[in-house]
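1. just need the structure, nothing else, for what follows:
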Amino acid sequence: MPSVDIHKIAFVADYMPRKCGIATFTFDLRNAVASEHSDLECIVVPVDDIEGGYDYPPEVRFEIQEQELVSYRRAADYLNFANVDVVCLQHEYGIYGGAAGGHVLALMRDLRVPVVSTLHTVLETPNDDQLRVMKKVCAVSSRVVVMSERSRKLLGHIYGVPDEKIDLILHGIPDVPFVDPNSFKDQFDVEGKFVALTFGLLSPNKGIEIVLNAMPKVIAHSPDFVYIVLGATHPHLIRDQGETYRLSLERLAQRLNIRKHVIFYNRFVELQELTEFIGAADVYITPYLNAAQAVSGTLAYSFGCGKAVISTPYWHAEELLADDRGILVSFGDSDAIARSIIELRDDDKRNAMRKRAYLMGREMIWSSVAHLYMQSFQAARLTRPPALAKSRAVRTLDEEPLQLPEIRLEHLWQMTDPTGVIQHATFSIPNFHEGYCLDDNARALVLTVLLEELGDDSFEINRAATTYAAFVNYAFDLNTGSFRNFLSFDRKWLDIIGSDDSIGRTAWAVGACIGRTKRPAFHSWAAQLFEPAVNAVVQTTSPRAWAFALIGIHEYLRRLSGDRHMNQHRDTFATRLIRLFELNASVGWPWFEDSVTYDNAKLPHALILTGRWTNNAHALDIGLRTLRWLGEVQCAPEGHFRPIGSEGYFVRGAQPAQYDQQPLEAQSMVSAAIEAYQATNDSYWLDQAQMAFEWFTGRNDLGLPVCKPSSGACCDGLHPDRVNQNQGAESTLAYLLALAEMQLLENSVTAFVKATPTRAPTQATNV
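-> Here you go, the predicted structure:
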């Protein structure tokens, strides 16, 4: 391979002194490359998960705020202007903002230099977001680095990455001498003991309790046995649960009467001290519980330092410990761990295993790893992908991504009190006379779920989600088995059973709480309410209620796909909509009813979603045909979105009403077009979603903005001569839901462009 000059490399990832494995890896890799190539400038762009960041060393030049999408774009601008030759990016789902870490794609899309991405986790069964993000990361990267053969194979089989684009580089380790553990033991007051070690950030998936349960049998055989657990509790676990997990381990040790044989070092240690701890260990144990662990830095460090290793058979361990370089035990098998520890009391067996590990570890020392990364950087400079070449060109305004407004929630908070979100407003002032409704609180609950996916887990969002969920819960009437809709400001229900659509929207919201949110309390609550909500929709005659229920069932089945009863309900609602279409559609009128009224795009949306995920080609075809026709009906001659007006709607044989235009229709079209794009990968639907969203920002019949980005409010619609300045809950939530969905889409596909369609839009098929 011919060489190319590389003068400046930027490392993007978590970075020391942040306490996590990726930060340590990036720190070690950067320093190794800088040490081996003294003529290189190696700068760092870290990701901050706390306000104000960290006390970084001088190589850090620019910081990214984890949950702020604009921060990733600014980082790309900085790197472009800094004359960087290559970006070395560490990819792990949990370190970047957005769904499945999708915010990082905004940075990658805007870079004008090649990217070499190290993939620390390659999942065999990714969810939709993880699959989409990983595919895009690999597509935009010039080279991708994996640390195991298993990861290389998965990239090709699951993610479609060509093998010639992949570099296999083992996890780096420090270069330490092969020493007798006894020379380190006195530093930790364990001289004369047989020492086992586990280190790393503490969390339940590490399986420490499995080793503790093995210890009584080990101690019965070897009373001098000591187990050191080194590492602070994971910061995210501390934030969510405090020290609950560590305390549970200490209580377990007390119950097992092994406290004298267990040492917890509750802190994060630097490399020098870490190598001393490893040096003192006779045996290293990784009892992880997840088979899909693609790579373990702690295993690599201990193995390379010449330790005898006992491990569960996660992917990295299977490869590294093959050929008697370690001992593999079944997941969760305390007895097997006990037998293995006792087996390694044999000095000859243990030392032979140590030597095999140490010899292989010479290939993994950081100086060797740095050399392999430089080869990858060189290859990246020579083989830039087409996506990068295009991004380096000057883009016209038509090619620039749609600049989405920032999500602001001031008006929503103004419309929300401890009971729920208030229905209407006089201008921007909440109108207490109209009270509350289930419809709006269900919409608001869905919004909080989407905001959580966008990385907003703030106290305000959690409090609002609880308020909206409490309203939905209160609306359920055990006596009728259904839901009430309207609640007066003095908290008196004004109906016995709510509208069909309000019940359908409730099924949607509750399903989203089960399938999308990470809040465990919401899962338990929503699971109890979801079946009554769906059963109530079964009794309705509203096609829109059926559509909402289909969307809710899809959300529910994202987490609980084996629920046979809900799968049957999905088939029932889809069959109803298909039958409705077949009864009413005709040549020139491919629609479900004799009139096109309100929240129209939800009907095709539900069939596209269901058809896609159940492999029902007929449902998918009807959904796409009807949505395309609806898009054509709602496209003004000037090329902007013109929703069906509420003053007369659109009756078969007549002309569509032009006014009043409602925000609900724009939001509904945004959602459906996004779903159509995800089902077809046809950029025509990106245009449709963008056109519908721009109705809010002023690309409409009056040329006036309907939304107020500074507060997150939205006006109640367009009249023939003016904007309705009242800013009620339905309109505001329609705008915020559309904006959140557009933001999620941008995160997942990296570029939301007003592009030429991949194939020319066809006319709606006649029936």
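
2. so Gly712 sits against Met415, correct?
-> No - contact criterion C-beta atoms under 8 Å: Gly712 and Met415 do not qualify, at 10.1 Å. C-beta here means a position set from N, CA and C on the backbone, and glycine is covered the same way.

3. overlap of the contact sets of the two?
-> Thr732 (C-beta atoms under 8 Å, 6 or more residues apart in numbering).

4. how about His618: what's its closest non-neighbour residue?
-> Excluding its sequence neighbours, the residue lying closest to His618 (C-beta to C-beta, 6 or more residues apart in numbering) is Ile578, at 6.7 Å.

5. contact partners of the helix or strand hosting the one you found?
-> Taking DSSP states H and E as the definition, one finds Ile578 inside helix 564-584. Residues outside helix 564-584 that contact it (C-beta under 8 Å, 6+ apart): 531, 534, 537-538, 543, 546-547, 549-550, 553-554, 556-557, 560, 590-594, 603, 606-607, 610-611, 614, 616, 618-619, 622, 626.

6. tell me the mean pLDDT for it?
-> In this model, helix 564-584 has an average pLDDT of 96.

7. from the chain's centroid, how far away is the helix or strand following that helix?
-> Counting by DSSP H and E, the next helix or strand C-terminal to helix 564-584 is strand 595-596. Distance of strand 595-596 from the chain centroid (C-alpha atoms, centre = their mean, to the nearest Å) equals 38 Å.

8. sheet partners, orientation included, of strand 595-596?
-> strand 650-651 (antiparallel) (DSSP bridges).

9. helix or strand next in line after the partner strand, which one?
-> According to DSSP H and E, the helix or strand after strand 650-651 is helix 663-680.

10. list the helices and strands that next one packs on?
-> For helix 663-680, the contact count by 3 or more C-beta pairs under 8 Å, 6 or more residues apart in numbering; DSSP states H and E identifies helix 602-614, helix 617-633, helix 684-697, helix 729-749 as packing neighbours.

11. between those helices, which gets nearest to Asp477?
-> Closest to Asp477 of these, according to C-beta to C-beta: helix 729-749, at 22.3 Å.

12. now the closest one: mean pLDDT?
-> The average pLDDT for helix 729-749 rounds to 91.

13. for the stretch 451-600 of the chain, which segments count as strands?
-> In the stretch 451-600 of the chain, the strands defined using DSSP state E, counting those that start in this stretch lie at 476-477, 482-483, 486-487, 595-596.

14. turn those into TSV, columns for distance to Leu201.
-> Listed next are the strands of the stretch 451-600 of the chain as TSV, based on distance: least, C-beta to C-beta, whole Å:
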stretch	distance to Leu201
strand 476-477	42
strand 482-483	44
strand 486-487	47
strand 595-596	55
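
15. isn't Gly172 up against Arg30?
-> No - using C-beta under 8 Å, Gly172 makes no contact with Arg30, being 11.0 Å away.

16. can you lay out the helices and strands packed on helix 663-680 as a markdown table showing distance to Gly242?
-> A markdown table is the format used below for the helices and strands packed on helix 663-680 (distance: least, C-beta to C-beta, whole Å):
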| stretch | distance to Gly242 |
| --- | --- |
| helix 602-614 | 39 |
| helix 617-633 | 47 |
| helix 684-697 | 42 |
| helix 729-749 | 31 |
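
17. how about the ones you listed in JSON lines, adding mean neighbour count and distance to Gly361?
-> What follows is these, written out as JSON lines (neighbours: other C-beta atoms under 10 Å; distance: least, C-beta to C-beta, whole Å):
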{"stretch": "helix 602-614", "mean neighbour count": "25", "distance to Gly361": "46"}
{"stretch": "helix 617-633", "mean neighbour count": "21", "distance to Gly361": "53"}
{"stretch": "helix 684-697", "mean neighbour count": "24", "distance to Gly361": "49"}
{"stretch": "helix 729-749", "mean neighbour count": "24", "distance to Gly361": "39"}
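
18. of these, which approaches Gly102 most closely?
-> Relative to Gly102, the nearest member of the helices and strands packed on helix 663-680 by C-beta to C-beta is helix 729-749, separated by 3.5 Å.

19. neighbours of the residue nearest to Glu41 when sequence neighbours are not counted, just the number please.
-> Closest residue to Glu41 apart from its sequence neighbours, by C-beta to C-beta, 6+ apart: Lys8 at 4.5 Å. Counted with other C-beta atoms under 10 Å, the neighbours of Lys8 add up to 15.

20. do I have it right that Glu647 meets Asp660?
-> Yes - taking C-beta under 8 Å as the definition, Glu647 is a contact partner of Asp660 at 5.7 Å.

21. could you report the distance from Gln528 to Asp439?
-> As judged by C-beta to C-beta, to the nearest Å, Gln528 and Asp439 stand 21 Å apart.

22. can you check Asn600 too?
-> Distance of Asn600 to Asp439, computed by C-beta to C-beta: 17 Å.

23. of the two, who's got more company?
-> Asn600 (28 against 24).

24. and the more buried one, how far from Glu647?
-> As judged by C-beta to C-beta, Asn600 and Glu647 stand 15 Å apart.

25. repeat that for Leu630.
-> Applying C-beta to C-beta to Leu630 and Glu647 gives a distance of 19 Å.

26. again with Leu438
-> To Glu647, Leu438 is 26 Å away according to C-beta to C-beta.

27. please apply the same query to Asp163.
-> For Asp163 relative to Glu647 (C-beta to C-beta), the value is 61 Å.

28. again with Asn473
-> 36 Å.

29. for the nearest residue to Pro643 once chain neighbours are set aside, what are its contacts?
-> Of all residues not flanking Pro643 in the chain, Glu665 sits nearest, at 3.4 Å (C-beta to C-beta, 6+ apart). By C-beta under 8 Å, 6+ apart, the contact set of Glu665 is Tyr598, Asp599, Asn600, Ala601, Gln634, Pro643, Ile644.

30. tell me the most packed of the residues you listed, by neighbour count.
-> Per-residue neighbour counts (other C-beta under 10 Å) across those peak at Pro643, which has 31 neighbours.

31. for the stretch 201-350 of the chain, which segments count as strands?
-> Ranges of strands in the stretch 201-350 of the chain, per DSSP E, counting those that start in this stretch, are 225-230, 262-265, 283-286, 308-311, 327-328.
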